[in-house]
Every structure is written in C-alpha cells, then in structure tokens.
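Chemist: Predicted model, plus sequence, below.
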Amino acid sequence: MKKITLKLFRYNPETDKKPHYDTFKMEVEPTDRVLDLMEKVKGYEDGTLSFRRSCAHGVCGSCSMRINGENMLACKTLVQDLGTNKITVEPMLGLTVLKDMIVDMKPFFIHYESVMPFFVNDEPDPAQERLQSIEDRERFDDTTKCIMCGACTTSCPSFWANEEYVGPAAIVNAHRFIFDSRDKAAAERLQILNDQFGVYRCRTIFNCTVACPRDIQITKAIGEVKKAIATGNLD
Amino acid sequence: MKQHQFEVVVVGAGGAGLMAALYASKTASTAVISKLYPTRSHTGAAQGGIGAALGNLEEDHPEWHTYDTVKGSDYLGDQDAIEFMCEEAPSIVYELEHMGLPFSRTEDGKINQRPFGGHTNNDTGRPVTRACYAADRTGHMILQTLYQQSIKNKVTFYDEFQALDVIVTDDGVAGVVALEIATGEIHVFHAKSVIFATGGWGRVWEITSNAYAYTGDGVAITLRRGIPAQDMEFFQFHPTGIYKMGILITEGVRGEGGVLINGKGERFMEKEGYAPNVKELASRDVVSRAMYLEMKAGLGIEGKRYLYLDVTPEMVNKYATLDGRTRPDGTPYRVTSEEILSKLPDIIDFCETYLGINPVTQPMPVQPTAHYGMGGIPTDKFGQVVVDKKNKILPGLYAVGENGCVSVHGANRLGTNSLLDLVVFGKHSGLKAAEYARNSGYIPLPENPAAFAEEQLEALRNSDGDEHISDIGNEMKEVMFDHVGVFRTEEGMSKALGKIRELKVRFKNIKLDDKGSVFNMDILNAWELSNLLDIAEVTTVSALKRKESRGAHARDDYPERNDKKWMKHTLAWLKEDDVKLDYKDVVFTKFKPKKRVY
C-alpha cells in the first residue's frame, strides 16, 4: 500500500459560485487506477463527486480527464505510472465544465460530425465484400483506433485559442476515411478541412499525440491530410 | 416534464440499438435514447470477431455454424432462431463491410477470419476459421461503423438520457420514460414501438469483463412491469479475464495458438474429461470449468486463483507442432512475434498497461470473468417480446442484443455469436418495429405516465438511512461470484439468495449525498444497483430451481444434464417478495440432443 494525496477539482453549478478543490488522503495500491481512487471517494467520502466512466479498461473513451496536468483516461492510468504521491485530477480544458469532471462534449461531437465521418461509396454493393489489400487496409489502421475521448482536442493550444478549430480528433476521423481505398469522398473531406478552421490551425505542437490513450500518431495523420490537400494526392 | 413523440424509440445505442435504429429509421420516425454517448457502449469492448461461414480461408457452411451453435448452447437454444441467425450471417457481415467496416484482410483482399472456441469443421471436428475480425477490436469497429452510418442517415439521438420505465397498457406499449442526466428533467417518449437494447448485467459479479454501465436496465425495467425474464440462470464466465481485474483477454488469443498452462507447467485442457480434441478451443463453459477445477486442485500458478494464458511464439509453435496444426494452405502453423503483435495489438496494450508484462515474451495471468448473459427479455426471432409459455406477443415491445433472449445462445454462447446476434436481430427488430408502427396508431398515454419512474427516483432522493450503496453492491458481487458463479450448489445458492434478499431490505435504508438535479450520478448509481439486485435475485432463484448441469449452469450436486426434466426454458416473474417461475418448450428442428464432447 502507498499513501497518496488526491486533489480533485470540484464544481457543482447548483451550489457553487466558483470551482474549488477537495483533497483526500488515502492508502492505495500502486497498481490502482486513478478511476479506482475516484470510485473510492465517491463511494465512501463524498457521493456528490461526479465523473463519467464505463468500460474501465481504456476502450470506451468516457473518463478522459486532466491528471497531474496532462490529459489521460482515468481508467488507464495507474498510481505507479504517475511517479508521485500527489495526484491532481481536473476536467479537460477548452470545454465548458458542467459538474466536477464532466464537461460539455457537444462542441466536440459537432466538430466530429462536420468532417463526414462515415463511409461513402455510392457504387452498387458487390455480392460479397469489397476487396482491399493488406497494404491498403494498413494505410489507415492507426486512425481507426480512435475512441473519441477528447484527450487530443482538449490538449491542443490551437483549440484552446479558438474553439471553432475542428480539432485533432475530427481530423483523425476524417483521415480514417480519406485514406481508405474503398471510400469515394476524400476530395469533399479535404475541402472541408482546407478551411480557416481546418487543418492549418494545427501548429504541430504534438500535445495531441502525447495525450492520445490509444497511441495514435495524430500529428503525423494531420500532416498527411495537410499534404493531401497541398498535393491533391493521397499516396 | 417534457414530452416527445416518435413512432419507434430505441433504448440503448450499442451494436443492437444502432442497427435497429438504422433499419427502423428508413421508414419510421425514430429516436435513440442512451445513457452513454453511443460510442461509449460496451459493444466497443468486444475483441475477437463476428462469426459467419464466409469460407474465405477454408471450407465452411452456415449449416456447420448452426450445428456448432446448437451444440454450444447445450441444446437449449431454439434451433429455428439459430438456423436463421447463421444463415443470415454471411450477408450481414458483407453488409457491415459495405458500410465501411475495416475488417482485417487476407492475402487476396477478402475479410480475414480466425478460429474461435466451439467453431468446427463438422466433418473433421477440427477448429475452423469462422470469426471475421478487425485486429482485436472487432466490436469497436462495429460500434464505430454503425454510429458513423447513423450520423450519415441522420438518426435522432438523445445522448445521456437514462431510461427508467416502459409504459405498458392493456393494448400494448405506449412509450418510455427517461431522465435527462444533465438536467434531472423527466422526459416521456410517446411511441408505437419500443426496442430495448440496453446490454448485459455482468456488474452483478465481483470479477467481470463488463463495463460499469452494464447494470441490466432493460431487463430490470421490464421485470418491474410484469414481463418475465428468460433463462437467467445461464450467465457466461469467460475463461480469460486478467487476474483480479476481470478485463477481457479475447478468445482470439487461443485462436492464434495461445495455450492455457497450470502451476505445474502442464497444458491441462488436453486432459481426459476436459477437451482432448479441440483443447483451448472448446466452448467457454467447458474451459472455465476446467480452469476452476485445476485451481481447486491446487494447480493454480503458485497455488493461487489464476492460470497462465501463453501466446509467446515459442509456446504457440511448440504446441502447434504437437497438435499438427497447419495453415489453410497446408503449411505447418508457425507464428512470429510480429504476427502476434499485428493480430493482437490491444491485448498487448492492456497487458503492458495493467500488468506491466509483454505477452509476446511473458504469459498472462488469467481467471474466469463474468462476461455475458445468455438469458434476458424473451423474444421471438424478430425481437418481438413474448410474455408467457405460449409465446404471447406484447404488441409494440421489442428486445434485442444481450438484454434479449431469442434464444440463440441457450445455456452457453459461442464466442463471436454475440456480435452476430446484435446485428442480425438488431436489423430484424428494427424492420419489424417500423412495420408495426406503420400499421398501428399511438396508444394514448395513461394519466401521469411518468409516475412510476418519478416514484422510484423520489424514494432514492429522499433516502435518509445509513447504508452505503458501495457496501451493498460489493456484498452482492462477492456472494454472487462465490456461489452463483462457474460452479454452484444448493447450499451456496441458498446462502446467496438469503444474502441478496437481506441486501434488498438494506437497500431501503441507503444514504445518498447528492440531492441535486444536474448529473446526479449518485441517484443513478443507486437506481442501477436496484436493477442489479433484482437481477441477482431472479438469477439465483432460477438457478436454484434448475436441478441439473447444462452449459454455463454447472452444479456440483447435479453434475449431469437431464433432458427429460430440464430441456426447457425458464421464465421468471419478479413479485413483491418472491420470484415466480414457469417453463416453456425449446424449439427443435434438425438436431437431436446428444452428449456434448469437445
């Protein structure tokens, strides 16, 4: 067991004029997830603590939070990974805080929906599967992993500066279709992203790549989209 | 209170709910209400594959898939529905591919397939490659693809709305009552058809692969409205959950050649009495029982309650050689670290994150983990809810996916058949619900349609006792895992039932801190716990009564299957202080029951 201090951002719009922090001292296992710590607080210290969570193993994208200043999934971050006894948990930046760790995800999903994040191919469907080579499938594999947790977009200084920027998560999801050899709407998506609030807001700061709990090479993907816009070529 | 009107309302936005919504919305006004953002749904956690006899790598047939599923179900699955599902499987997998699903590919560009437990070549009895996969995140890709298509087709979503009640009148269903989590406001959705697709209830048990959200909402809501739950005693324990945490390690690991090893370094699945033919690729109930017996005999690793799942190339190749395993082209089966890495990237990531080990070089510590409810709200093969032993239809009500019981899984589900179930029956319930809506009017809402939901919430909000819901939840999970788990006895289950009933009494004396309206997760978690308690009770009563061993229901005191007495589905009704049981016939078409050997 290990003694830690857990400092949590608190804001309840029904009772608080402004946010504050609550601090809890606890004994935990080094292998406990930060999410486990929050569950303990909610279960035994303060039932009003509010946060989203579901799968608890890093695949649903519910529990993205700022942990010691960096965006992470609370369910995929172990106490021992943080290398300190002081753990501070806060909501993601750049989106409105609704209560404690819960932020308003609507703007995030609106950006996502704006890039045509769906398969387009109006040719008649073949009787069986469309064929795709292993190499063509591999071309967009990395960006299929996105779980839309928001960790990337809300760690991006360009997004903080202007929330109209479509943001890395939306570009990742556009990339997933732009480079899918079966899809026919790459040109339209590239046009959407060739906008003043599109890919050129990216200043290659790499916060998104560091934040991604799925280890997607986001800055690289954005670079590939930029290149495709510049050259009109998907190679 | 706000009121809405849609012809079809779908509750839940996982694979089943989204598929139903996609099909219903083609011809009917449709809304999806979901307590999670759709992409957070637990379908996304499914890893290994979706079963379909495409025959992309070797000979396979829907008839083989049908037989394997019947056998896997320990003959409790309804054969007409199983045949329907397996026949539909290839075309629906192609349909998913046409929607853009990025399946992994074969050398010739087709959908790639891998072996999975219980799926066999019916001529040779050897494992067959039937699981169509996208690396080890097939469920994630299905969920993403269906959500993407829902956006494309402009499906209406009410995200973060918790369904609390279904409105049932004498003439049929009239709608759903839900809570807008962000505001605490009650919404009444007046509907002609309601489709429940709320997933499972693995959170009843201590060690589970299931999400926090898996609290059996659909089953509990319908139980409270007098609708029975079917075959609840059959709950699957997946053999390979990460030790203590329960996180799923896909059966695909064994499909790729991973072996199970005990504390003496033996590959125990080949022992007589376990599964000498297909070994690690037997059905999940068989493998979980073998693991339990090994651990009970002190053969866990260092005598503890776990075993090793080993997919290091050295071990895979050693046992593939001994088994004489070949690739579909006839060459000997040999793997490299790179191949394991490319086929199981997420599994490797989980192990590195939670265990600090690399499965390419080290074995994984695993134990059986509560995984999947074969039972649920009884339906026919169109997802229409049926409420008695004569299969009387409740007009306008549908249930699909894990919260439904068609029954295609019977007493034990084969791996890859859950994803298949979601899309096949999701599609057909969506079509049926829209057709019903086209031919029917809206049944008028009763006075105070939200009264029952509000009453439940108010009771929780005003609770002023001294019990922690965490304590009640933990005690339930522990007793259910110990006594209504992989192996069961009369004594253990009676103890569990007594405990669950005690916990239900104590639940009336809980203390909640949060009295607010905005994102009151405290009240919601308490309400979800009340669902789990009801389900735990129904499960235990159904299990106590079934005095035989079949599929996932294995009893020390009745170790054999008893077809004479127990070849029948359980129906359970939740009463004030009791559970009432009845039974209905299993549907047979081609396959007569025989002893199940793997």
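Modeler: Perfect, I can see it now.
Chemist: Return the residues in contact with the residue of the stretch 251-400 of chain B found nearest chain A.
Modeler: Using C-beta to the nearest C-beta, the single residue of the stretch 251-400 of chain B nearest to chain A is B:Thr353, 5.8 Å away. (Glycine included, C-beta is placed from N, CA and C.) Residues near B:Thr353 by C-beta atoms under 8 Å, 6 or more residues apart in numbering or on different chains: A:58, A:76, A:78.
Chemist: Please enumerate the strands of chain A.
Modeler: Secondary structure of chain A (DSSP state E): strands at A:2-10, A:20-28, A:64-67, A:70-73, A:86-90, A:97-99, A:102-103.
Chemist: what do you get for the stretch 251-400 of chain B?
Modeler: Using DSSP state E, counting those that start in this stretch, the strands of the stretch 251-400 of chain B run over B:259-261, B:307-310, B:364-373, B:377-378, B:384-386, B:393-399.
Chemist: could I get these as JSON lines with distance to chain A, mean pLDDT and mean neighbour count?
Modeler: JSON lines is the format used below for the strands of the stretch 251-400 of chain B (distance: least, C-beta to the nearest C-beta, whole Å; pLDDT from 0 to 100; neighbours: other C-beta atoms under 10 Å in any protein chain shown):
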{"stretch": "strand B:259-261", "distance to chain A": "21", "mean pLDDT": "98", "mean neighbour count": "23"}
{"stretch": "strand B:307-310", "distance to chain A": "16", "mean pLDDT": "98", "mean neighbour count": "24"}
{"stretch": "strand B:364-373", "distance to chain A": "11", "mean pLDDT": "98", "mean neighbour count": "27"}
{"stretch": "strand B:377-378", "distance to chain A": "22", "mean pLDDT": "98", "mean neighbour count": "28"}
{"stretch": "strand B:384-386", "distance to chain A": "26", "mean pLDDT": "98", "mean neighbour count": "24"}
{"stretch": "strand B:393-399", "distance to chain A": "21", "mean pLDDT": "98", "mean neighbour count": "25"}
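Chemist: For the ones you listed, give me a markdown table that also has distance to A:Ile171.
Modeler: Below are those laid out as a markdown table (distance: least, C-beta to C-beta, whole Å):
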| stretch | distance to A:Ile171 |
| --- | --- |
| strand B:259-261 | 42 |
| strand B:307-310 | 37 |
| strand B:364-373 | 35 |
| strand B:377-378 | 41 |
| strand B:384-386 | 43 |
| strand B:393-399 | 38 |
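Chemist: For chain A, which residue gets nearest to chain B?
Modeler: For chain A, C-beta to the nearest C-beta, closest residue to chain B: A:Phe119, 2.4 Å.
Chemist: What separation is there between the nearest residue to that residue once chain neighbours are set aside and A:Ala185?
Modeler: Leaving out its chain neighbours, the residue that sits closest to A:Phe119 by C-beta to C-beta, 6 or more residues apart in numbering or on different chains is B:Gly100, at 2.4 Å. Separation of B:Gly100 from A:Ala185 (C-beta to C-beta, to the nearest Å): 11 Å.
Chemist: The two: who's more crowded?
Modeler: Each of B:Gly100 and A:Ala185 has its neighbours counted (other C-beta atoms under 10 Å in any protein chain shown); B:Gly100 has more, 22 against 19.
Chemist: Phi, psi for the residue nearest to the spatial centre of chain A please.
Modeler: Central residue of chain A (C-alpha atoms, centre = their mean): A:Gly150, 2.6 Å from the mean position. According to degrees, to the nearest 10, the main-chain angles of A:Gly150 amount to phi 90, psi 0.
Chemist: quick one on the thing from earlier: assign a three-state SS to the residue nearest to A:Phe119, would you?
Modeler: Using DSSP: H, G, I helix; E, B strand; the rest coil, the three-state assignment for B:Gly100 comes out as coil.
Chemist: now it: how far from A:Glu129?
Modeler: 11 Å.
Chemist: And the strands in the stretch 451-598 of chain B?
Modeler: Per DSSP E, counting those that start in this stretch, the stretch 451-598 of chain B carries strands over the ranges B:487-488, B:554-555, B:568-574, B:579-585.
Chemist: Repeat that for the stretch 1-150 of chain B.
Modeler: B:2-11, B:30-34, B:50-51, B:113-120, B:127-132.
Chemist: Packed most tightly, which of those would that be?
Modeler: strand B:50-51 (a mean of 30; mean count of other C-beta atoms under 10 Å in any protein chain shown).
Chemist: List the beta-bridge partners for B:Val188.
Modeler: B:Gln3, B:Val177 (DSSP bridges).
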